[in-house]
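[1] Let me see the structure of the following:
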Amino acid sequence: MTAPRAHLVYIISPQSQIDIIHAIATLVDHMVTLPFDITIVDIADHPKPALAAIQRQHPQVNIIMIEAMPPMSWFKRVRVLINALRAIRPSIVHLFADTIDTSLDLITACWAAQVPWRIATVANVFARSTTDGARPLFALIRGRLLQSLHEFITFTSHAKTILVNEYQLRHDLVRVIPIGIDSQTYALHAIPTRQRHDFQLPSESPLIVAMGPLVHAKGHAVLIHAMDHIWQQIPEAQLLIVGDGPESKELLVQAQHRLFPGQIHFMGALSQPQLLMPLVDVFVQPSYSEPMSFHLLLAMALERPVVAASIPNISAIVESNASGLLVRPGDSQALASAILRIWHDAQLRINVSLNARTRVSQRFELRRWQHDTAACYRVRT
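    Below you'll find the model as predicted:
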């Protein structure tokens with residue numbers, strides 16, 4: 001007799017960036033091979049092409065978009081989500097939250113709908129700069145809601161420490177599962193060869209690249225400002241910004257006020273960034289905050305020298321002066337200096353590139369991430 005299949009539901013919070021959707025896509029690739037019926041619930045006001053791509057690859061995966069966005073009131077939003085979950089009747093809900101405080105409505109709905117097993121992956125975890133002393137009732141309610149979840153997943157031990165110490169979560173309630181990438185698929189010898197002219201880029205000039213959504217948290221403005229410092233020593237350097245988002249117009253304006261605006265190129269989001277990555281001289285991740293970065297792992301897997309902001313989720317991936325260079329977030333001068341150091345020191349460039357590949361394959365392997373996440377589901381199925 002065949003065992004019943006558990007109904008696994010992924011919920012994507014409205015604040016989630018494209019990296020979260022990529023994470024769900026890679027998890028789904030593995031979960032469809034296990035005894036799960038899978039539904040993805042997207043809290044959004046418009047369809048996401050990346051989710052459509054998941055459904056094309058896995059037609060058996062059900063994708064539902066729920067318009068439960070502000071300015072809809074908090075209570076109405078919770079009621080809409082409760083009704084949706086009661087209709088779906090999941091065995092397991094895995095919520096992908098940007099932060100805890102911006103996802104309390106989703107956590108409330110999962111609790112009220114009496115989902116048997118509730119998990120939340122928290123992408124961004126920050127030490128709070130203020131206490132909840134002025135809002136003791138809010139702190140009490142939030143604490144009760146968080147305790148209603150059966151498990152939290154974070155990407156770093158640093159994030160777990162904050163959840164345990166500042167949000168008063170039990171140590172055994174929080175599991176650290178680093179994200180992963182398939183280092184066999186994303187290897188230089190496995191990537192089809194492309195030339196820069198395929199992307200309408202200069203063939204000889206040093207190419208500095210940043211990839212990701214064009215939002216403030218990604219720090220693109222810092223990198224654009226850093227180019228004036230870089231051009232003082234490498235006047236032919238080119239900057240390529242890959243991605244799209246709400247800050248695109250503002251970033252274009254900032255680029256026009258730089259020393260060589262014609263050497264800053266904006267490219268929309270790429271469906272296959274791995275084809276461009278081998279052509280990159282320096283990959284830069286200047287983020288102020290970073291939930292997870294597929295592009296950072298991709299650059300490291302493809303042996304690109306990396307310069308990144310020293311923030312918790314990045315410093316857990318990049319070992320400073322070993323698998324990349326880390327600088328203070330928001331410091332354009334320090335960012336430029338690190339990029340120039342990479343460019344002028346050939347031996348350093350080789351060392352950090354090879355170490356980056358080793359770091360990814362040893363610590364951030366896709367199959368380990370998928371297996372450890374699936375283990376969170378299997379204990380209750």
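[2] Let me know the secondary structure of Gln168.
    coil (DSSP: H, G, I helix; E, B strand; the rest coil).
[3] ok, it - how many residues close by?
    Other residues lying near Gln168 total 12 when counted by other Cβ atoms under 10 Å. C-beta: built from backbone N, CA, C; applies to glycine.
[4] ok, it - contacts?
    Applying Cβ atoms under 8 Å, 6 or more residues apart in numbering to Gln168 gives the contacts Gly143.
[5] What score does it have for pLDDT?
    Gln168 is assigned 85 on the pLDDT scale.
[6] And the one 4 residues further on, by the same measure?
    Each residue has a pLDDT score; the one for Asp172 is 92.
[7] Relative to Trp369, how far out is it?
    20 Å (Cβ to Cβ, to the nearest Å).
[8] got it, and His94?
    13 Å.
[9] follow-up on the earlier one: so Asp172 and Trp369 - more neighbours on which side?
    Trp369 (21 against 8).
[10] Isn't that one up against Asp182?
    No - Trp369 lies out of contact with Asp182 (Cβ atoms under 8 Å); the separation is 9.9 Å.
[11] What's the mean pLDDT across stretch 108-119?
    95.
[12] Could you give the separation of that stretch from the chain centroid?
    The chain centroid and the centroid of stretch 108-119 are separated by 25 Å under Cα atoms, centre = their mean, to the nearest Å.
[13] Let me see the residues that make contact with that stretch.
    By Cβ under 8 Å, 6+ apart, stretch 108-119 touches 9, 11, 78, 81-82, 85-86, 90-95, 107, 145, 148-153, 376-377, 380.
[14] for the spatially closest residue to Glu67 that is not a sequence neighbour, phi and psi?
    Spatially, and ignoring its direct neighbours in sequence, Glu67 is nearest to Asp45 (5.6 Å; Cβ to Cβ, 6 or more residues apart in numbering). Main-chain dihedrals, Asp45, degrees, to the nearest 10: phi -110, psi 0.
[15] Could you verify my assumption that Asp45 touches Met69?
    Yes - using Cβ under 8 Å, Asp45 is in contact with Met69, at 5.1 Å.
[16] By average pLDDT, which secondary structure element in the chain comes out worst?
    Lowest by mean pLDDT, DSSP states H and E among the helices and strands of the chain is helix 136-147, with a mean of 83.
[17] buried sites along it?
    Judged by neighbour count (16 or more other Cβ atoms under 10 Å), helix 136-147 contains these buried residues: Arg142, Leu145, Leu146.
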